[in-house]
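Q: Whatever this is, show me its structure:
(chains A and B)
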Amino acid sequence: MIVPKLHMNLLRDTEKVSSSPVRMRVMLPIFALLLCAGCAIWWAILFMQMLLLGGQVSSLKNDLNGKKAAHAAILEEMGRARDLQAELDQLDAYAKGRRTWGGLLAKLADVMPVNVQLTSLSMPEPPIQNLANPANPKLPPLLGPTNTAEAVSLRIMGRTAKAEPVTTLLATLGKEPFFEWLVVDKGKVNTSPRVHSFRQESVLGPDSKRLLAFDVEFRCPERRFEK
Amino acid sequence: MKLQLTKDKTIDVKLPWEKGKDGSSSERRSGLSDVVGVSLFQGDPRGCPAVRLVRKKDGIHIVAAGFVDAPAVSLPSSWDESKIQPSWELPSAYQAPQAALAVSSPDMFIRQTTRDALLGAAKEQAPVEKKKKLGVKRAVEEKKPEVKPVPEEFQPFTPVSRDGTRFVTVPMGDEGFILQSGLPEFQTLWLSRLLPEGRRPTACSLQTTPAALLNSIYSQPEFNADDGTAVAVFVARSAIYFAGYRKGDLLLFRECPDVAGYDVMRELVKSGLGVGDDLVDSILEDTLIDPRPALEPLVRPVLQQLQLSLDYLAQRHDVHVGRVFLMGLPAGAMYWNQLAQESLGRPFVSPGAFEGFAMPTKAGAVPALKASESQVFLAAVGAAFAAMEAQT
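A: This next block holds a predicted model:
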C-alpha cells in the first residue's frame, strides 16, 4: 500500500492535546506540591519533636542540676551508712571474736585437786602470721592478716607433790563442761593437751620434799572475727 | 545497517532513520494505531460521517463507521463568533485516542502553486543587456537564477500562520510546484479546541476536506495495483477536483472551473426531471428514468476538463493513465460512466470508500452501504488514513 504523501495537517504540535484523563502538565505540579507539602509536614513534625525533646532535655538538665546537691548528700549519707555498717560489722565481728574465760576459771576452781598449785595461767600470743605477699614475696608485705581466724590456747603451769593429781586434772579438763573452752585432740599432729614439761623441781618444798612442776597447754576453739 | 551473522552471511537491516539508497532520508510514520476520522460541516442532514480505523497485525481495520451528531454550534465565520467555543464529544464507538478532522468551510482553500508565488518573490527578470558600445562586444555571462532559500516557516508539512490564515504546504511530484491548503486562523483555533482535552478523542490532525479526499485514494487496492499512477475525479458537495498521481506523487491538482459539486447536480436533476428532494438519489441510482439529459450540462464540462488534465499529464509528464477514478459521488456514478464512455472512450472506476480496509465482523458496526453510498465517508476515511499512515 502506497503511503499517503499529502497529509496537510493544520494543527500545530502545541495544539495537540492528550486524550488521557491524566494530564501530566496538571498532575506533575500537583504531585510536586503534594511532595513539597509532605516534606514540609514531615519536617514540621521532626522540628516539633526536636523542640519537644530539647525542652525535655533542658528540663531534665535543670532537674538534674537541682538534684545534684541532694544526690551528693544522699551519696554522702550512703557512704556514712556504709562506714557505720562496716563499723557495726566490725564490732559484731569483735563481739563474735570475744572469748570469755570467767566460766572456765570458775569451773576450773571446782575441779582443781588439792595437791596441785597453779603457778601460771596464761593465754600465749598467737604465732606471728606470715604477712608476705603470696603473689610475689618481693612486694611489700600485707598491712594485716587476711584470715579472720586466730588460734587461741590456754597454758597451765603449776606444782604438785605427785603426778596423779595432774593426770586427774587433765582428764577432768577433757570432759564436760570444758568442751566449750578447751579442745581435746589426741591426734599425732597438733595434739591437745600438749605437755611441754613434767619434771621434778630442784627447789625443795616446805617439808623438804621435792615437788613436781608441770607445763601443759590446751588448744582452744579458734577465735573468729566474723558476723 | 549491515549485520554480519556468520562469516559468509550478512544481512541488511534498514532502520527508519537511515538514509535510503537514493540518499533521501526515510521519514518516520506518525505511529498512530487507532484514529477516528470525522468529516465536519459537510452539510449532510444525517450528521457527520465518522470512521474509526485501527491498525492490527493483518492490516488496517474499520472498527466503526456511521453518522455522529454534529457540534451544537456551526463553524464560526468571524473572530467574534469563534469566541463561542463548544465542547464536542463522540459516541463511545468512535472514542479512539486520536481524531482526524476533515473540515468543509466556505473560507477554506486548496491550490496548486509554486514556491516563488508562496514567498511573494517577484518574477525573475530577464537579464538586462547593457548598452552596447560601438566596436566593443562583450560576452554576456549567463547568470543562473538565484534560488531563494525557503524560510523555516515555509517548510513542507509545517503549519504557517500568515495574514489571518493558517496554511500548510506539501511538495508535489512536479518539481517547483507545491500544494497549499488552509483555513482562517480563527476557524483553525476553534476547531483545535472543539474536542476537549482529557477525553477521547482529541484532535491530532486537521485537514480541509479536499486535502482529505486526496489522501483517500491511497487506500484503494486498484490505485495501488497501478503503482499509484492514476487520475482521480473527486466530487464534493460544492466542487469537483481533479488530481493526477504518478507513483503516488501528486502531479496535478485543479478544481474544475465553472462547475459546482454534487449539490448542484442534485438541483439540476430536481429541476430537470421535476422530482422532489427525496427522489433524487433513487433516480440517480435506478434505471427507470434516464437522468442523463439533466446531468449532461454538468458532466460534459467536467469531462472536457478531465480530458484537458489527461492531455496535460501525457504531454507535460509523459504519464499515460490507465484508470480514471471517480470518487466521492454518492449517486449517479452509473450515468457518469456512460457519459465518460461516450466522451473519453473509457469508463470511470468507482470503488467504495471502505475498500482496502478489513471490515468488522461485529454486526451493526458499519451500516450496510453500497459502494456509491459509502462515498460520503470518503473524506473521513482519507483524513484518518492520512493521520495514521502519512509520513510526517
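
Q: how does chain A divide up, domain by domain?
A: By the record's domain assignment, chain A is partitioned as A:24-98, A:102-125+A:147-224 (automatic domain parsing).

Q: Which helix or which strand is home to the residue in chain A that chain B sits nearest to?
A: Here chain A gets closest to chain B at one residue, A:His7, 3.3 Å apart by Cβ to the nearest Cβ. Quick note: C-beta positions are derived from backbone N, CA and C, even for glycine. With elements delineated by DSSP states H and E, A:His7 resides in a region that no helix or strand encompasses.

Q: surely it meets B:Tyr218?
A: No: taking contact to mean Cβ atoms under 8 Å, the distance of 10.2 Å between A:His7 and B:Tyr218 leaves them out of contact.

Q: The two: which has the busier surroundings?
A: With neighbours defined as other Cβ atoms under 10 Å in any protein chain shown, A:His7 and B:Tyr218 compare such that A:His7 has more, 27 against 23.

Q: count of residues packed around the nearest residue to the more buried one once chain neighbours are set aside?
A: The spatially closest residue to A:His7, leaving aside those adjacent along the chain, is B:Ala390, at 3.3 Å (Cβ to Cβ, 6 or more residues apart in numbering or on different chains). By the criterion of other Cβ under 10 Å, B:Ala390 has 24 neighbours.

Q: Near chain B, which residues of chain A? Just list them.
A: With the criterion set to Cβ under 8 Å from any Cβ of the partner chain, chain A comes near chain B through A:1-12, A:15-21, A:23.

Q: Repeat the analysis, applying 10 Å as the threshold.
A: Of all the residues in chain A, those in contact range of chain B (Cβ under 10 Å from any Cβ of the partner chain) are A:1-23, A:25-26.

Q: Got a PyMOL select line for the buried ones in these?
A: What follows is the PyMOL syntax for the buried subset of these, where burial is set by 16 or more other Cβ atoms under 10 Å in any protein chain shown:
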select buried, chain A and resi 1+2+4+5+6+7+8+9+10+11+15+16+17+19
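
Q: The residues of chain A next to chain B in helices, which ones?
A: Among the residues of chain A next to chain B, the subset assigned to helices under DSSP state H consists of A:Arg25, A:Val26.

Q: tell me the pLDDT at residue 38?
A: In the absence of a named chain, this looks at chain A. Note on A:Gly38: pLDDT of 97.

Q: That was the other one, I meant chain B.
A: In the predicted model, B:Val38 carries a pLDDT score of 96.

Q: and if you look at A:Leu182?
A: Predicted confidence (pLDDT) for A:Leu182: 88.

Q: Count residues in the vicinity of it, would you?
A: Look at A:Leu182: counted by other Cβ under 10 Å, it has 19 neighbours.

Q: Please name the bridge partners of the nearest residue to it once chain neighbours are set aside.
A: Ranked by Cβ to Cβ, 6+ apart and with sequence neighbours excluded, the top spatial neighbour of A:Leu182 is A:Phe218, at 4.5 Å. Listed beta-bridge partners, A:Phe218: A:Leu154 (assigned using DSSP bridges).

Q: Enumerate every residue touching A:Phe218.
A: A:104, A:152-156, A:170, A:173-174, A:178, A:181-185, A:192-194 (Cβ atoms under 10 Å, 6 or more residues apart in numbering or on different chains).

Q: Buried members of these into ChimeraX, please.
A: Selecting in ChimeraX just the buried members of the contacts of A:Phe218, where the criterion is 16+ other Cβ under 10 Å, is done with this command:
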select /A:104,152,153,154,155,156,170,173,174,178,181,182,183,184,192,193
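
Q: just to revisit the earlier point, tell me who's in contact with the residue nearest to A:His7.
A: Residues in contact with B:Ala390, defined by Cβ under 10 Å, 6+ apart, are A:3-9, B:27, B:29-30, B:32, B:100, B:157, B:170, B:205, B:215, B:218.

Q: So which of those belong to strands?
A: Filtering the contacts of B:Ala390 for membership in strands, criterion DSSP state E, returns B:Ala100, B:Val170, B:Ser205.

Q: List the residues that contact the first one.
A: Under the criterion of Cβ under 10 Å, 6+ apart, the neighbours of B:Ala100 are A:7, A:9, A:11, B:32, B:35-39, B:51, B:53, B:201, B:203-207, B:212, B:215, B:379-388, B:390.

Q: Next: the second one.
A: When contacts are counted by Cβ under 10 Å, 6+ apart, B:Val170 is found next to A:5-9, B:156-157, B:178-181, B:211, B:214, B:250, B:390.

Q: Then the last one?
A: Residues near B:Ser205 by Cβ under 10 Å, 6+ apart: A:7-11, A:16, B:30, B:32, B:35, B:37, B:98-102, B:211-212, B:383-384, B:386-388, B:390, B:392.

Q: one step back: quick check: the gap between the residue nearest to A:Leu182 and A:Glu180.
A: Applying Cβ to Cβ, to the nearest Å, one obtains 12 Å for the distance of A:Phe218 from A:Glu180.

Q: burial measure for residue 180, as a count.
A: Defaulting to chain A. The number of residues packed around A:Glu180, counting by other Cβ under 10 Å, is 12.

Q: That was the other one, I meant chain B.
A: By the measure other Cβ under 10 Å, the count of residues near B:Gln180 is 21.

Q: before we move on, what about A:Ala93?
A: One way to gauge burial is a neighbour count; for A:Ala93, by other Cβ under 10 Å, it gives 15.

Q: quick check, it in a helix?
A: Yes: counting by DSSP: H, G, I helix; E, B strand; the rest coil, A:Ala93 falls inside a helix.

Q: For the closest residue to it other than its chain neighbours, grab phi and psi.
A: Among residues not flanking A:Ala93 along the chain, A:Phe225 sits closest, at 4.1 Å (Cβ to Cβ, 6+ apart). The phi and psi values for A:Phe225, taken as degrees, to the nearest 10, are phi -90, psi 70.

Q: Do I have it right that A:Phe225 meets A:Arg99?
A: No: the pair A:Phe225 / A:Arg99 is not scored as a contact, 11.4 Å apart, by Cβ atoms under 10 Å.

Q: which one of those two has more residues nearby?
A: Summary of the neighbour comparison: A:Phe225 and A:Arg99, criterion other Cβ under 10 Å, with A:Phe225 having more neighbours (18 against 14).

Q: so what's that one up against?
A: Residues A:89-90, A:92-98, A:145, A:147-150 are the ones in contact with A:Phe225 under the rule Cβ under 10 Å, 6+ apart.

Q: let's see 6 Å
A: Contacts of A:Phe225 were listed using Cβ atoms under 6 Å, 6 or more residues apart in numbering or on different chains, and they are A:Ala93, A:Gly97, A:Thr148.

Q: Show the average pLDDT along stretch A:74-87.
A: 95.

Q: any idea where the helices of the chain begin and end?
A: No chain in the question, so chain A it is. Remark: helices of chain A, listed N- to C-terminal, are A:24-97, A:102-111, A:164-173; assignment by DSSP H.

Q: Wait, chain B was what I had in mind.
A: Using DSSP H, the helices of chain B run over B:115-119, B:185-192, B:209-216, B:221-225, B:262-273, B:280-285, B:292-317, B:333-343, B:378-389.

Q: Output those helices in a markdown table, with mean neighbour count, mean pLDDT and distance to B:Ala64 appended to each entry.
A: Output for those, formatted as a markdown table (neighbours: other Cβ atoms under 10 Å in any protein chain shown; pLDDT from 0 to 100; distance: least, Cβ to Cβ, whole Å):
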| stretch | mean neighbour count | mean pLDDT | distance to B:Ala64 |
| --- | --- | --- | --- |
| helix B:115-119 | 15 | 75 | 39 |
| helix B:185-192 | 22 | 94 | 22 |
| helix B:209-216 | 30 | 94 | 18 |
| helix B:221-225 | 16 | 92 | 22 |
| helix B:262-273 | 18 | 90 | 25 |
| helix B:280-285 | 18 | 86 | 24 |
| helix B:292-317 | 17 | 92 | 34 |
| helix B:333-343 | 18 | 91 | 25 |
| helix B:378-389 | 31 | 93 | 11 |
